[in-house]
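> Got a predicted model here, sequence first, then my questions.
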Amino acid sequence: MLTDRRQVLKGLAAAALASTAGGSGLLARTAAPDLLPRPPAGAGRVHDWIFAAAERPVRLLGPDGPVTTVWSYSDEFLPIKRVRVGDTIRTRLENRLGEHTALHWHGVRVPNAMDGVPYLTQAPVTKGESFLYEVAPPDPGTFFIHPHCNESGQTGRGLSAVLIVEGDERRRPDADLVAAYKDWRLAEDGTWLPFETPEGASRAGTYGTVRAVNGVAPTTHMVPAGGDIRLRILNLDATRVIEPGVEGAEAAVIAVDGNAVTPFPLDTWRMGPAMRIDVLVRAPAPGESFRLIDYFSAEPWTLATYETAKGEARPKRAFDPAILYAPDLPRADLRNAQRLNYTFSAASGAVTEAAAMLAPDDPLAKILLDGLCVRDTSFWAINKASWASGSQPQMPPPLGLFETGRSYVLELMNATPHHHPIHLHGHTFEVLSASRLKRPRHFADTVLLQPKERIEIAFVAAPGNWMFHCHVLEHMEYGMMGYLRVA
């Protein structure tokens, strides 16, 4: 049954894509060409939030299971925060943890000083201190918030939040639901297992032992029969690639990384860590259900089930998933863009500069390596350079020097047998071409490099020092990270 459904979806997607396919395995069409432009945002509200990063007890293994000490920003384990384009967010991060931390606004085009990278864009927020972030998201969409230091340990314990910026809908759906996927590295007694291992860090990553959505085991949600359901699917895992699909209902992708696309059937969209898609689903008749499934598992795994209530359904009508306005983003001038190449590869195996400069038992070594998201061994590199740092405030040289306002095309080459979701801070780039997986031309902030794949991305450079890294957290922490300097 699942196989038959997948084949039907593939046939529909192939038909939809065939008319416009071309060049390097991607569609030749531009991002969201058939969508209406978004009207200007008006003066918005000011949101004053407190994110109190602290330990809190949660039963991650179920209501009858043992208590696990998680790290979270509030008593709501996974905060889901909603604002509108034009709003301003003032968030005071209060650090009640035993180590320093910060807030990174993943996918949001923020000023560089608000990007939340310790030592690069701000001083780390140490225990007992606080930091005020002021962010006015310029774009609507689905984003998330997480720390950018000791990330495998801090997000591994739960430190994250979902950020939804509204204002992209020209027609509201009947329901708007979040499905944030993340594994937990838990032992049977509820204690944490190591968040990283040498075997995992040097290969595909260290996988969790308990699969969860929105922090808990997969659950059933009630939705209106015959309604249009917007599913915001986020991969917040440290390692796992997922491939979401819908069983039992029509479904179309309407946004990638929060950016609207001309809708296309949800056939195969592999999502590495930090990637998001928004899907519009036409719910079935009263008393029926549909499932959100991960097809990248060894066996299809149900992420969530959605049931319709018995009784009256929404009036029958054609399924029209084009409910979003077109994205309003800086677009690269491809004719005059400077072209650069970045190769993501295994490292030479050298010990990082930071570890070489400091004695192994020096407490400063651990602070620097944890705080800068690196370890004392490099397994990975970008253009043969592994992230390394001497004693703060010395930083490694940037991976490239860019000019504010200039257009760039980067060719990303994966020279390894593993997946690498590549994220560029502070920018929304356009994915132009890929050598393996077919993709519509679209805007994104994270793109999944398949093994031995080449992908081209284009963007207009914004001023600042912007991190550029793999979002498999162990790959990042063991060398596959750097920054681009835009002056």
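Received the coordinates, thanks.
> just so I have it, where are all the helices in the stretch 101-250 of the chain?
For the stretch 101-250 of the chain, the helices defined by DSSP state H, counting those that start in this stretch occupy 151-154, 198-201.
> Quick one: closest of those helices to residue 312.
helix 151-154 (46.8 Å; Cβ to Cβ). (C-beta placed from N, C-alpha, C; glycine too.)
> C-alpha coordinates for the closest one, PDB please?
Extracted C-alpha coordinates of helix 151-154, given in PDB (Å, rounded to 0.1, in the frame of the first residue of the first chain):
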ATOM      1  CA  GLU A 151      25.500  22.700  20.100                       C
ATOM      2  CA  SER A 152      25.400  18.900  20.200                       C
ATOM      3  CA  GLY A 153      25.200  19.000  24.000                       C
ATOM      4  CA  GLN A 154      22.900  22.000  24.400                       C
END
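> Nearest to residue 258, out of the helices of the stretch 101-250 of the chain?
helix 151-154 (20.6 Å).
> which secondary structure elements does that closest one contact?
Under the contact criterion of 3 or more Cβ pairs under 8 Å, 6 or more residues apart in numbering; DSSP states H and E, helix 151-154 touches helix 473-477.
> If you count contacts, what does the next helix or strand along the chain from the helix it packs on end up packed against?
As assigned by DSSP states H and E, the chain's next helix or strand after helix 473-477 is strand 481-486. Applying 3+ Cβ pairs under 8 Å, 6+ apart, we find strand 481-486 packed against strand 400-402, strand 464-470.
> any idea how far the nearest residue in space to residue 162 that is not next to it in sequence is from residue 252?
Spatial nearest neighbour of residue 162, chain neighbours left out: residue 80 (4.5 Å); criterion: Cβ to Cβ, 6 or more residues apart in numbering. Here residue 80 is placed at a distance of 23 Å from residue 252 (Cβ to Cβ, to the nearest Å).
> These two: which is more packed in?
Higher neighbour count among residue 80 and residue 252: residue 252, with 24 against 15, using other Cβ atoms under 10 Å.
> SS state for that one?
When classified by DSSP: H, G, I helix; E, B strand; the rest coil, residue 252 comes out as strand.
> thinking residue 204 is in contact with residue 420, fair?
No: Residue 204 is beyond contact range of residue 420, at 10.1 Å (criterion: Cβ atoms under 8 Å).
> Closest to the centroid, which residue in this structure?
Centroid-nearest residue in the chain, with Cα atoms, centre = their mean: residue 274, separated by 2.0 Å.
> So it sits against residue 423, correct?
Yes: if you go by Cβ under 8 Å, residue 274 and residue 423 touch, sitting 5.6 Å apart.
> Spit out the residues that contact these two alike.
By Cβ atoms under 8 Å, 6 or more residues apart in numbering, residue 274 and residue 423 have these common neighbours: 106, 446, 471.
> So what sits opposite the nearest residue to the first one once chain neighbours are set aside in the bridge?
Taking Cβ to Cβ, 6+ apart, and ignoring the residues beside it in sequence, residue 106 has residue 144 as its nearest neighbour in space, at 5.1 Å. According to DSSP bridges, the residues that bridge with residue 144 are residue 106, residue 162.
> State the distance spanning the first to the last residue of stretch 111-130.
Stretch 111-130 has an end-to-end distance of 19 Å (criterion: Cα to Cα, to the nearest Å).
> and that stretch, how far out from the chain's middle?
Distance of stretch 111-130 from the chain centroid (Cα atoms, centre = their mean, to the nearest Å) equals 20 Å.
> how about that stretch: buried residues?
112, 114, 115, 116, 117, 118, 119, 120, 121, 122, 124, 125 (16 or more other Cβ atoms under 10 Å).
> Now for the nearest residue to residue 62 once chain neighbours are set aside, how many residues are close by?
Take residue 62 and drop its neighbours on the chain: the residue closest to it by Cβ to Cβ, 6+ apart is residue 217, 6.7 Å away. Residue 217 has 12 neighbours, counted by other Cβ under 10 Å.
> Give me the distance between the host helix or strand of residue 264 and the centre of its chain.
Using DSSP H and E, residue 264 sits within strand 259-265. Centre-to-centre, strand 259-265 and its host chain are 17 Å apart (Cα atoms, centre = their mean).
> what does stretch 231-238 give?
That offset, for stretch 231-238, works out to 7 Å (Cα atoms, centre = their mean).
> Could I get the average pLDDT for that stretch?
Average pLDDT, stretch 231-238: 98.
> Mean neighbour count, the helices of the stretch 101-250 of the chain: which tops it?
Compared across these, helix 151-154 shows the largest average neighbour count, a mean of 23 (mean count of other Cβ atoms under 10 Å).
> Can you name the residues in contact with that helix?
71, 97, 101, 146-147, 195-196, 238, 370, 373, 473-474, 476-477.
> Relative to residue 224, which of those is nearest.
Residue 224 lies nearest to residue 146 out of the contacts of helix 151-154, by Cβ to Cβ, at 32.3 Å.
> ok, for that closest one, nearest residue in space, not its chain neighbours?
Nearest to residue 146 is residue 160, by Cβ to Cβ, 6+ apart, at 4.5 Å.
> do residue 247 as well
Residue 247 sits nearest to residue 291 (Cβ to Cβ, 6+ apart), 4.7 Å away.
> Hmm, the one you found is touching residue 306, no?
Yes: Residue 291 lies in contact with residue 306 (Cβ under 8 Å); the separation is 7.4 Å.
> between those two, which one's more packed in?
For residue 291 versus residue 306, the count of surrounding residues by other Cβ under 10 Å is larger for residue 306: 24 against 19.
> Show the pLDDT at the more buried one.
98.
> quick one, what contacts it?
177, 220, 221, 222, 223, 229, 281, 283, 289, 290, 291, 292.
> Could you point out which residue ranges in the stretch 151-300 of the chain have low pLDDT?
The model of the stretch 151-300 of the chain has no residue with pLDDT under 70.
> at 90 instead, please
Confidence mapping of the stretch 151-300 of the chain against pLDDT under 90 gives the ranges 267-268, 297-298.
> now the strands for it?
161-166, 175-184, 210-213, 220-223, 228-235, 244-247, 250-256, 259-265, 276-282, 289-294 (DSSP state E, counting those that start in this stretch).
> what would those look like in a markdown table with distance to residue 53?
Shown next, in a markdown table, are the strands of the stretch 151-300 of the chain (distance: least, Cβ to Cβ, whole Å):
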| stretch | distance to residue 53 |
| --- | --- |
| strand 161-166 | 11 |
| strand 175-184 | 17 |
| strand 210-213 | 20 |
| strand 220-223 | 29 |
| strand 228-235 | 20 |
| strand 244-247 | 30 |
| strand 250-256 | 29 |
| strand 259-265 | 29 |
| strand 276-282 | 23 |
| strand 289-294 | 29 |
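> Fine, thanks again, bye for now.
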